[in-house]
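[1] sequence and predicted structure are below.
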Amino acid sequence: MKPFTLSDADYGRFWSYVSVGDAAACWPWTRSFNNKGYGRFYLSGGRGVLAHRAAVAATSGGASPVGVVMHACDNPPCCNPARLSVGTHACNSRDMIAKGRSLRGRVGPRGELGPNRKLTQAAADEIRSLRDKGFTHYALAEKFGVSRPRIAQILKGKAWLPMPPGARPFGPRVKELP
Ligand SMILES: [Zn+2]
């Protein structure tokens with residue numbers, strides 16, 4: 001599976017094509033399907049990816065899953081992240097977890113770990129909740145190691161929109177919510 005990354009625009013469009021329901025229900029894809037019944041989502045560049053793989057990406061910072069995504073419900077069109085799990089390639093996922101942990105440092109790293117790196121959905125949700133508690137843009141940018149314009153985008157809802165009701169964060173870089 002060739003890796004892909006969801007843009008912020010892809011992210012919003014993706015969820016508009018999913019019939020999001022109860023946390024415990026199947027969330028069927030509503031657009032086109034491949035011959036095995038799996039949903040197909042077209043990235044803004046035109047490339048088609050499997051919708052359930054995009055669902056995992058949409059809840060783990062936009063990065064496509066490493067490994068095969070399996071449905072706990074055996075329902076190919078289902079895009080409920082709670083029903084999806086990634087078959088691990090042990091080394092890769094340990095590597096990703098290690099990288100994920102390294103992103104939490106307070107000192108701003110450079111390059112792909114620098115101010116323009118992708119945040120996880122969970123981080124975006126936390127940023128919004130801390131802002132409500134009175135944290136400044138500056139404090140949030142420092143805490144999460146991203147630029148202040150990026151924080152502003154998130155708070156204005158231009159990046160990492162709040163998750164649909166019932167969705168759970170998913171993926172190695174996202175901590176489970178209680
Ligand atoms: Zn399902």
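    Received the coordinates, thanks.
[2] next helix or strand past the least confident helix or strand in the chain by mean pLDDT?
    Least confident helix or strand, the chain: helix 90-102 with a mean of 45, by mean pLDDT, DSSP states H and E. Past helix 90-102, further along toward the C-terminus, the next helix or strand under DSSP states H and E is helix 121-132.
[3] for the record, mean pLDDT for the helix or strand following that following helix?
    Sequence-wise, the next helix or strand downstream of helix 121-132 (DSSP H and E) is helix 137-144. Averaging pLDDT along helix 137-144 yields 82.
[4] residues of helix 137-144 that come out buried?
    By 16 or more other CB atoms under 10 Å, the buried positions in helix 137-144 come out as 137, 140-144. Where you see a C-beta, it was placed from the backbone N, CA and C, and this is true even at glycine.
[5] next: stretch 30-47.
    Buried residues in stretch 30-47, defined by neighbour count with 16+ other CB under 10 Å: 38-39, 41-43.
[6] could you do stretch 122-139 as well?
    122-128, 131, 135, 137.
[7] will you turn those residues into CSV that also has distance to the ion?
    Below are those laid out as CSV (distance: CB to the ion, whole Å):
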residue, distance to the ion
122, 22
123, 26
124, 25
125, 23
126, 27
127, 30
128, 28
131, 33
135, 37
137, 39
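[8] pull up the residues of the protein that are close to the ion.
    26, 73, 75, 78, 83 (CB under 5 Å from the ion).
[9] for those, which one is nearest residue 53?
    residue 78 (12.3 Å; CB to CB).
[10] test my guess that residue 21 contacts residue 78.
    No. The pair residue 21 / residue 78 is not scored as a contact, 10.3 Å apart, by CB atoms under 8 Å.
[11] identify the contacts common to those two.
    residue 27 (CB atoms under 8 Å, 6 or more residues apart in numbering).
[12] who's more crowded, the two?
    Neighbour count, other CB atoms under 10 Å: between residue 21 and residue 78, residue 78 has more, with 25 against 14.
[13] cheers, nothing more for now.
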